[in-house]
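Asker: Structure for this input, please:
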Amino acid sequence: MSDTTTASASEEAPVTQVRPVRRQARGERRIVQILDAALDLFAEVGYEAASTNRIAAKAGISPGSLYQFFANKEAIAEALSARLAEAMRAAYAPAFDDNAIATLPIDEMLDRVLDPLVEFNVRHPGTKALVGGPDMPPQLAAATQPLQDALNARVVAMVGLRLPDLSAAERDRAAFVILQIVRAMMPSILAAGGAERAALTAELKKALRGYLEPS
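Answerer: Next comes the predicted model:
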């Protein structure tokens, strides 16, 4: 009797071990589903106008299901902050990690810097509604500020190498203008598709090439 009981318990043990893993996997998929829906909604209506009910509807779940994972919209934004900060870090890697990039031929340099940034924004269209927007959540501002600072410093360094005769103030000003041009053009690039997106990206590179080449 005891041997049979032991054998039965042994046979059932793997089932009880698997179930929590399956529940965890389902929970992780649901979190991704909620975050994806939130980012899409932020892109459509902005952060402030989005609500947990609207996010739940966008995700195709009930508000009660959403609250199992996130207490409020701010908690969703915080989770998105971590995810987007990591994605931004990966997108900006070509501009941050290769110290020789600023010495490349200018067309190659612009390709290496701008193409990943365009691709990042295409893949994460809600980012602009969060990063730098008028209703940008404080937690996202804190999470992305180091990346923004690093990008600014990198552009300043590139300008210094390309235009070594500029003063420090002139370098800072030129870097500021470059970043403003990119930010101003990005919505139009994202709104376009296919050949038009490629054409607008090429025009952006042309403008930056003219700005960075010595006169």
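Asker: make it CA atoms for all contacts and neighbour counts henceforth
Answerer: Fine.
Asker: what's near enough to touch K205?
Answerer: 107, 110, 114 (CA atoms under 8 Å, 6 or more residues apart in numbering).
Asker: what is the mean pLDDT for whatever helix or strand V122 lives in?
Answerer: Using DSSP states H and E, V122 falls within helix 106-123. For helix 106-123, the mean pLDDT works out to 86.
Asker: Can you list the neighbours in contact with the strand or helix carrying M158?
Answerer: Assigned by DSSP H and E, M158 belongs to helix 138-162. If you take CA under 8 Å, 6+ apart as the criterion, helix 138-162 is touched by 77-78, 80-82, 85, 88-89, 92, 95-96, 102-103, 130-132, 166, 171-172, 174-176, 179, 212-214.
Asker: Kindly report the same for stretch 37-45.
Answerer: 47, 50, 54-56, 58-59, 76, 80, 124-130.
Asker: Among these, give me the pair with the biggest separation.
Answerer: A56 and K128 (21.1 Å; CA to CA).
Asker: So R89: helix, strand or coil?
Answerer: Look at R89: counting by DSSP: H, G, I helix; E, B strand; the rest coil, its state is helix.
Asker: where does the chain have low pLDDT?
Answerer: Within the chain, the stretches with pLDDT under 70 are 1-23, 94-99, 128-137, 139-140, 143-144, 147.
Asker: per-domain residue ranges of it.
Answerer: Per automatic domain parsing, the structural domains of the chain span 1-71, 81-215.
Asker: what helix or strand is the residue lying closest to K58 once chain neighbours are set aside on?
Answerer: Distances taken as CA to CA, 6 or more residues apart in numbering place A37 nearest to K58, at 5.5 Å, with adjacent residues excluded. Assigned by DSSP H and E, A37 belongs to helix 2-45.
Asker: Beyond that helix, next helix or strand please.
Answerer: helix 52-59.
Asker: Tell me which other helices or strands that following helix touches.
Answerer: helix 2-45, helix 63-67 (3 or more CA pairs under 8 Å, 6 or more residues apart in numbering; DSSP states H and E).
Asker: same thing but 10 Å
Answerer: helix 2-45, helix 63-67, helix 73-97 (3 or more CA pairs under 10 Å, 6 or more residues apart in numbering; DSSP states H and E).
Asker: This completes my enquiry, with thanks.
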